[in-house]
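Chemist: Turn this into a structure:
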Amino acid sequence: MEGSALTQIGLPLALFIIMVGMGVSLTVADFRRVAEQPKGVAVGTALQLFGIPALGFAIGYFAGGGMLAVGLVLVAALPGGTTSNVICYLARANLALSITLTVIASLVTILTLPVYVNWALQAFVGEGTELHLSTVKTLITLMVIVVIPVGLGMLLKRIKPNAATRVEPIINVFSIVVLISIIVAILVVERDNVGSWMQAAWLPVLALNLGALAIGLIAGKLSGLVTADTLTTAVEVSIKNTTLGITIAVSLLGSSELALPSAVYGLMMYASAVALAVYGRRVAARKY
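Modeler: You can find the predicted model right below:
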């Protein structure tokens, strides 16, 4: 997949469209909620930016290092996406807090993500690696495929709210189709290697997903968040924008091996997401 028109043009373009979908679900008021829910925002953001990446480094170390470990750190450093907002809605969690955390993480990880990935490359692959995630190139790329399309989506919602309402579910379906298509493409192109990669990746990826979920629940509980906010925090730190992770791995670093943890995580996270949604609805039902 490295260097092809699909990865250099098609994948970023698809992600651009997906992020427009995130934008049409947002309003300026969503950014004002930071002041209204300071504790939930502080806990969720701290976990997104520091706690879960630290977990990624720890699991990568115990997994034996190498490109697999770097891929785990990449996943851990990713922000959430529109999927986390949908799961919070289904789980009867705090949707406003979910949207706020998604927006903050999506913006701030533009700066933190290349730092964590380059640290991981040095720690787990070594000084001799030819791979390096350029901070400037990553910043420009993520501005183009994250910040700008989100802004366009918000503008569309403001000036054409009816059109935005019609477009949003279509883009949500499109995002799922794109993720599945990318995973299938990786499996086909790397069919000679994917068996051994999958065998090595599934357990560390599962540990990262369940570990992030547990950390979100425990941190929310210990910090005194209400149940809905605790559940929201767990969803936000365990559901990742894995399409973005695959885009960075394949388009910016040219490595399908590095993309594999994102691909596997993109599939596994839906199982925990469903469990969280069921749990949240049961908790909400007991209140009424």
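Chemist: so which helix or strand takes in the residue nearest to Gly216 when sequence neighbours are not counted?
Modeler: The shortest distance from Gly216 to any non-neighbouring residue, by CB to CB, 6 or more residues apart in numbering, is to Ala234 (3.2 Å). Where C-beta positions appear, they are placed from N, C-alpha and C, glycine not excepted. Using DSSP states H and E, Ala234 falls within helix 227-238.
Chemist: so after that helix, what's the next helix or strand?
Modeler: helix 242-247.
Chemist: Quick one: list the elements packing against that following helix.
Modeler: helix 11-23, helix 66-77, helix 161-189, helix 256-286 (3 or more CB pairs under 8 Å, 6 or more residues apart in numbering; DSSP states H and E).
Chemist: Secondary structure class of Leu225, three-state.
Modeler: Secondary structure state of Leu225, per DSSP: H, G, I helix; E, B strand; the rest coil, is coil.
Chemist: distance of it from Ile99?
Modeler: 16 Å (CB to CB, to the nearest Å).
Chemist: the more surrounded of these two?
Modeler: Neighbour count, other CB atoms under 10 Å: between Leu225 and Ile99, Ile99 has more, with 26 against 22.
Chemist: Secondary structure element holding the more buried one?
Modeler: Here Ile99 is assigned to helix 95-124, by DSSP H and E.
Chemist: buried ones in that helix?
Modeler: Across helix 95-124, burial judged by 16 or more other CB atoms under 10 Å covers 95-107, 109-110, 112-114, 116-118, 120-121, 124.
Chemist: ok, back up a step: now do the helix holding Ala234 against helix 256-286, angle only.
Modeler: Angle of helix 227-238 versus helix 256-286, following axes from the mean of the first three to the mean of the last three CA atoms, to 10 degrees, is 170 degrees.
Chemist: Against which helices or strands is helix 227-238 packed?
Modeler: Using 3+ CB pairs under 8 Å, 6+ apart as the contact test, the elements touching helix 227-238 are helix 38-46, helix 82-90, helix 95-124, helix 194-222, helix 256-286.
Chemist: Can you name the residues in contact with the second one?
Modeler: Meaning helix 82-90. For helix 82-90, the external contacting residues (CB atoms under 8 Å, 6 or more residues apart in numbering) are 18, 21-22, 25, 93-95, 97-99, 102, 172, 175, 231-232, 235-236, 239, 241, 273, 276-277, 280-281.
Chemist: thinking again about what came up before, how much does the helix holding Ala234 deviate in direction from helix 38-46?
Modeler: Relative orientation of helix 227-238 versus helix 38-46 (the same axes, to 10 degrees): 20 degrees.
Chemist: Low-confidence ranges, the stretch 1-150 of the chain, go.
Modeler: Applying pLDDT under 70 to the stretch 1-150 of the chain picks out residues 1-11, 30-35, 127-131.
Chemist: buried stuff in the host helix or strand of Lys137?
Modeler: Counting by DSSP H and E, the element that carries Lys137 is helix 135-142. By neighbour count with 16+ other CB under 10 Å, helix 135-142 contains the buried residues 138, 141-142.
Chemist: contacting residues around Ala123?
Modeler: Listed by CB under 8 Å, 6+ apart, the contact partners of Ala123 are 57, 65, 69.
Chemist: try it again with 6 Å
Modeler: With contact taken as CB atoms under 6 Å, 6 or more residues apart in numbering, Ala123 is in contact with no other residue.
Chemist: contacting residues around the residue nearest to Gly23 when sequence neighbours are not counted?
Modeler: Nearest non-adjacent residue to Gly23, counting by CB to CB, 6+ apart: Gly153, 1.9 Å away. Counting by CB under 6 Å, 6+ apart, Gly153 touches 20, 23-24.
Chemist: Distance of Gly153 relative to Ala212?
Modeler: 27 Å.
Chemist: which residues touch stretch 212-226?
Modeler: 40, 43, 47, 51-52, 230, 233-234, 237-238, 272.
Chemist: Out of the helices and strands packed on helix 227-238, which gets nearest to Leu74?
Modeler: For Leu74, the closest of the helices and strands packed on helix 227-238 is helix 95-124, at 5.5 Å, according to CB to CB.
Chemist: I'd like to check the angle between that closest one and helix 135-142, please.
Modeler: Per the same axes, to 10 degrees, the angle that helix 95-124 makes with helix 135-142 is 150 degrees.
Chemist: now the angle between helix 11-23 and helix 95-124, please.
Modeler: Using the same axes, to 10 degrees, helix 95-124 lies at 150 degrees relative to helix 11-23.
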